[in-house]
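Undergrad: Let's see this in three dimensions:
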Amino acid sequence: MQDRHILEALRQGDEQVFEKIFRTYYQRLCNYANTILNSMDEAEEMVQGAFIAVWERHDTLEVHTSIKSYLYRAVHNSCLNRVKHLKVRQKHEEDVKYQADATQSDASNEMVERELDAIMANAIDALPTQCRQVFRLSRFENLTYAEIAQQLGISVKTVENHMVKALRVLREKLKDYLPVIIWLLLMKN
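TA: The predicted model follows:
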């Protein structure tokens with residue numbers, strides 16, 4: 001039977017013609033779809049979908065080439081749409097995973113930062129009283145050495161000596177945490 005007679009019979013709803021087309025092309029189309037999708041299960045799903053679409057539209061079916069070409073083109077397009085859909089879904093899943101990792105990383109960074117703040121606060125609190133006062137006024141209130149000297153009633157040289165001592169003690173106490181501190185500073189930028 002020629003394609004035009006097959007198509008006419010198909011348009012009339014001839015189930016035997018549809019079944020013959022199905023038996024003739026089903027396995028070949030599955031093999032073709034499998035070369036695109038690398039999954040025989042998905043290939044069969046695409047081919048079945050193409051045959052379902054043909055049967056659902058059999059009365060209005062417009063085929064300008066052979067039925068074979070029409071089916072191969074339909075399966076080809078379905079497979080490409082499937083591949084495109086899978087890529088979009090994979091990209092979305094990667095984006096969601098990246099966001100989750102970033103959120104978890106931010107939470108971890110905040111926790112490490114809080115722990116380091118506590119360690120630094122303890123190290124500062126362990127400084128001698130006058131040394132601690134000078135350090136806090138300099139680093140937390142941004143006062144100059146002259147302003148600190150005036151506020152505490154001591155010489156600028158004494159302020160400098162207290163700062164040198166405070167920085168030396170803090171550097172020694174916090175030396176094990178220096179890589180983490182640098183890492184956190186880099187992560188903030």
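Undergrad: how many other residues sit next to residue 21?
TA: By other C-beta atoms under 10 Å, the residues close to residue 21 number 20. Where you see a C-beta, it was placed from the backbone N, CA and C, and this is true even at glycine.
Undergrad: list the helices and strands the longest helix belonging to the chain packs on?
TA: Assignment by DSSP state H gives helix 67-125 as the longest helix of the chain. On a contact count with 3 or more C-beta pairs under 8 Å, 6 or more residues apart in numbering; DSSP states H and E, helix 67-125 meets helix 3-11, helix 15-37, helix 40-56, helix 129-139, helix 156-173, helix 178-188.
Undergrad: in the second one, what's buried?
TA: Residues of helix 15-37 classed as buried by neighbour count (16 or more other C-beta atoms under 10 Å): 17-18, 21-22, 25-26, 29-30, 32-34, 36-37.
Undergrad: ok, and what's touching it?
TA: Helix 15-37 is contacted by residues 1, 6, 9-10, 40, 42-44, 46-47, 50-51, 54-55, 58, 67-68, 71-72, 75-76, 78-80, 82-83 when judged by C-beta atoms under 8 Å, 6 or more residues apart in numbering.
Undergrad: now do 7 Å
TA: 6, 9-10, 40, 43-44, 46-47, 51, 55, 67-68, 71-72, 75, 79, 82-83 (C-beta atoms under 7 Å, 6 or more residues apart in numbering).
Undergrad: Closest to residue 126 out of the buried residues of helix 15-37?
TA: Taking C-beta to C-beta as the measure, residue 126 sits nearest to residue 37 out of the buried residues of helix 15-37, at 66.3 Å.
Undergrad: got a pLDDT number for the closest one?
TA: pLDDT, residue 37: 94.
Undergrad: what's the distance between it and residue 54?
TA: Going from residue 37 to residue 54 by C-beta to C-beta, to the nearest Å gives 20 Å.
Undergrad: ditto for residue 35
TA: Applying C-beta to C-beta to residue 35 and residue 54 gives a distance of 21 Å.
Undergrad: now do residue 87
TA: Counting by C-beta to C-beta, the gap from residue 87 to residue 54 is 27 Å.
Undergrad: So these two - more neighbours on which side?
TA: Just comparing residue 87 and residue 54: by other C-beta under 10 Å the higher neighbour count belongs to residue 54, 19 against 10.
Undergrad: nearest residue to the more buried one other than its sequence neighbours?
TA: residue 61 (6.6 Å; C-beta to C-beta, 6 or more residues apart in numbering).
Undergrad: pLDDT wise, what is that neighbour at?
TA: 79.
Undergrad: Just list the residues touching residue 75, thanks.
TA: If you count contacts by C-beta under 7 Å, 6+ apart, residue 75 has them with 29, 32-33, 46-47, 50.
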